[in-house]
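Novice: no sequence for this one, just the structure:
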């Protein structure tokens with residue numbers, strides 16, 4: 001086998017690279033402690049920095065060439081409305097409403113200004129419309145002019161109805177199909193029980209269209225059978241007919 005010089009160098013470097021790096025680090029540390037530049041090791045350091053001024057200018061020029069030239073920052077000239085001093089701001093801070101030169105001047109300038117500039121009918125800090133002074137005080141639920149019956153349709157297509165007295169309510173709302181079944185059978189449904197729509201219309205919550213399953217497993221088995229056969233089999237029809245017998249309906 002022929003001797004390969006490059007492979008030998010790679011293996012030697014792999015075994016000794018930690019020692020080489022440590023030696024270079026110690027040499028550099030000695031030179032920086034002596035007050036010389038960390039890049040050229042000739043000129044003294046500039047203002048307690050590791051590099052000298054010439055090296056910093058060279059590195060800056062290289063960075064500008066790499067980036068493709070730095071854009072000159074645009075500054076807008078403004079006059080402070082309180083102390084009348086001239087100051088400069090960037091376009092972004094000018095769009096944000098930077099009117100004064102400092103925080104103290106802005107505090108003085110904002111004293112006589114209206115803080116709330118939106119389309120609301122109230123002013124910030126004024127408590128004229130709180131409690132009984134509010135014209136909409138006590139107008140809740142069906143008394144409110146924007147009352148729409150207390151029903152909302154979720155993104156999944158189910159109907160939520162407002163019922164804050166219900167023990168299983170979610171922010172004052174319950175599922176309408178579950179509420180109708182609970183009223184029909186005369187008891188609360190458990191969390192495991194699932195209410196199924198026979199015609200698969202989630203907004204058709206008539207009791208003739210609803211059916212209870214003891215858990216989600218039996219509910220999914222119903223759907224798999226329906227998908228498998230494509231129609232209601234005789235056992236499935238008998239199950240629909242006898243679904244309310246155990247409740248005496």
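Specialist: That came through, no problem. Everything numeric in this text was worked out from a predicted model, so none of it was measured.
Novice: Quick one: the strands in this structure, in order.
Specialist: 76-79, 86-89, 151-153, 159-162, 173-175, 194-197, 210-213 (DSSP state E).
Novice: buried stuff in the second one?
Specialist: Right, the one you point to is strand 86-89. 87, 89 (16 or more other CB atoms under 10 Å). Yep, even glycine has a C-beta here, placed from its N, CA and C like the rest.
Novice: So which elements touch it?
Specialist: On a contact count with 3 or more CB pairs under 8 Å, 6 or more residues apart in numbering; DSSP states H and E, strand 86-89 meets strand 76-79.
Novice: And for residue 174, the neighbour number?
Specialist: By other CB atoms under 10 Å, the residues close to residue 174 number 19.
Novice: Distance check, the residue at minimal distance from the centre of the chain against residue 238.
Specialist: Centroid-nearest residue in the chain: residue 155, 19.5 Å away (criterion: CA atoms, centre = their mean). Residue 155 sits 36 Å away from residue 238, taking CB to CB, to the nearest Å as the criterion.
Novice: Need the contact partners of stretch 223-239.
Specialist: 222, 240 (CB atoms under 8 Å, 6 or more residues apart in numbering).
Novice: Quick one: distance of that stretch to the chain centre.
Specialist: In terms of CA atoms, centre = their mean, to the nearest Å, the centre of stretch 223-239 is set 44 Å apart from its chain centre.
Novice: Let's see the distance spanning it from one end to the other.
Specialist: Between the start and the finish of stretch 223-239 there is a gap of 14 Å, counting by CA to CA, to the nearest Å.
Novice: now it: mean pLDDT?
Specialist: Mean pLDDT, stretch 223-239: 91.
Novice: nearest residue to residue 175 other than its sequence neighbours?
Specialist: Using CB to CB, 6 or more residues apart in numbering and skipping the chain neighbours, the partner closest in space to residue 175 is residue 158 (6.0 Å).
Novice: isn't that neighbour right up against residue 174?
Specialist: No. Residue 158 lies out of contact with residue 174 (CB atoms under 8 Å); the separation is 10.7 Å.
Novice: Got the domain ranges for the chain?
Specialist: By the assignment in automatic domain parsing, the chain contains the domains 7-67, 76-103, 148-247.
Novice: In terms of mean pLDDT, which of the ones you listed ranks lowest?
Specialist: The minimum mean pLDDT among the domains of the chain belongs to domain 7-67 (a mean of 69).
Novice: Show me which residues of stretch 205-222 are buried.
Specialist: In stretch 205-222, counting by 16+ other CB under 10 Å, buried: 205, 210-213, 219, 222.
Novice: picking up where we left off before, take the strands of the chain and lay them out in TSV including distance to residue 181.
Specialist: Output for those, formatted as TSV (distance: least, CB to CB, whole Å):
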stretch	distance to residue 181
strand 76-79	67
strand 86-89	65
strand 151-153	17
strand 159-162	13
strand 173-175	10
strand 194-197	5
strand 210-213	6
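Novice: about what we covered before: to residue 111, which of the domains of the chain lies closest?
Specialist: domain 76-103 (10.0 Å; CB to CB).
Novice: Between its first and last residues, how far does the closest one reach?
Specialist: Termini of domain 76-103 sit 19 Å apart (CA to CA).
Novice: to the chain's geometric centre, what's the distance from it?
Specialist: On CA atoms, centre = their mean, the centre of domain 76-103 falls 33 Å from the chain's centre.
Novice: buried set for that domain?
Specialist: 78, 80, 82, 87, 89, 99-101.
Novice: burial measure for residue 39, as a count.
Specialist: Quick note: residue 39 (other CB under 10 Å) scores 16 neighbours.
Novice: I'm done for today, thanks for sticking with me.
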